[in-house]
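Trainee: here is my input; please provide its structure:
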Amino acid sequence: MKSRDHLHSHNELPGMLDLIIPAAFDEISEIVSVKSPDHTILFYNRAGYKMLGLEPEDVIGRKCYEIIGCPTFCSNCAGARVVITKKSDRAESYFESIGKWFEINAMPVCNKEGKVIFVLEILRDITNLKKLEEQIAKYEAQEVPTSRQ
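Mentor: Down below sits the predicted model:
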């Protein structure tokens, strides 16, 4: 018979997840954010705090839009749409305060009744991609002389 000492009871799982999930999220290079439906920040991974140049105590409990210097949530906020539709959504946003573009993938976390209780967002810095797209657009807009024979 195999030893099952390494298996933990189902009751211990929530406590273990409280340790495992933040540790796993901190190893992800993209920014991971957990917010309440009203845009209150509950968690960022290490990449999020690094991007913001802030510590958790400076961020947790504040509105996400306040952190980036806006008076209200972004006009194309994927997180706001997720709360309404209860379906994953995506947006691209420029955060002027830090001079970066982000692809934002937002996912709802619902309770048993189907109410959105958290919004999970993964932000990927796409600033270099946007700069490249801009360079391509400028190049294509230039008149390229044709050779005459």
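
Trainee: tell me how many other residues crowd S75.
Mentor: Neighbourhood size, S75 [other C-beta atoms under 10 Å]: 9. Glycine gets a C-beta too; all of them are placed from N, C-alpha and C.

Trainee: report the separation between it and A91.
Mentor: Look at S75 and A91: by C-beta to C-beta, to the nearest Å, they are 10 Å apart.

Trainee: span of stretch 43-56 from start to end?
Mentor: This stretch, stretch 43-56, spans 8 Å end to end (C-alpha to C-alpha, to the nearest Å).

Trainee: so what touches it?
Mentor: 22, 25-26, 28-34, 59-60, 67, 98, 100, 123, 125 (C-beta atoms under 8 Å, 6 or more residues apart in numbering).

Trainee: list the buried residues for it?
Mentor: 43-49, 51-52 (16 or more other C-beta atoms under 10 Å).

Trainee: next: stretch 84-97.
Mentor: 89, 91, 93, 95.

Trainee: just grab the bridge partners of the last one for me.
Mentor: Using DSSP bridges, the beta-bridge partners of F95 come out as K100.

Trainee: what of the second one?
Mentor: Under the criterion DSSP bridges, A91 forms beta bridges with I104.

Trainee: that one is in contact with N76, isn't it?
Mentor: Yes - checked against C-beta atoms under 8 Å, the pair A91 and N76 is within contact range at 4.8 Å.

Trainee: what do the two both touch?
Mentor: Counting by C-beta under 8 Å, 6+ apart, nothing touches both A91 and N76.

Trainee: buried only: go through the contacts of stretch 43-56 for me.
Mentor: Judged by 16+ other C-beta under 10 Å, buried ones among the contacts of stretch 43-56: 25, 30-34, 59, 67, 100, 123, 125.

Trainee: of these, which belong to helices?
Mentor: Counting by DSSP state H, the buried ones among the contacts of stretch 43-56 place 25, 59, 67 in helices.

Trainee: if I look at the last one, how far off is V59?
Mentor: As judged by C-beta to C-beta, I67 and V59 stand 6 Å apart.

Trainee: okay, and the common contacts of those two?
Mentor: Here I67 and V59 share the contacting residues 41, 52, scored by C-beta under 8 Å, 6+ apart.

Trainee: how about the strands of the protein, start to end?
Mentor: For the chain, the strands defined by DSSP state E occupy 31-35, 41-44, 89-95, 100-110, 116-125.

Trainee: many thanks, we can stop here.
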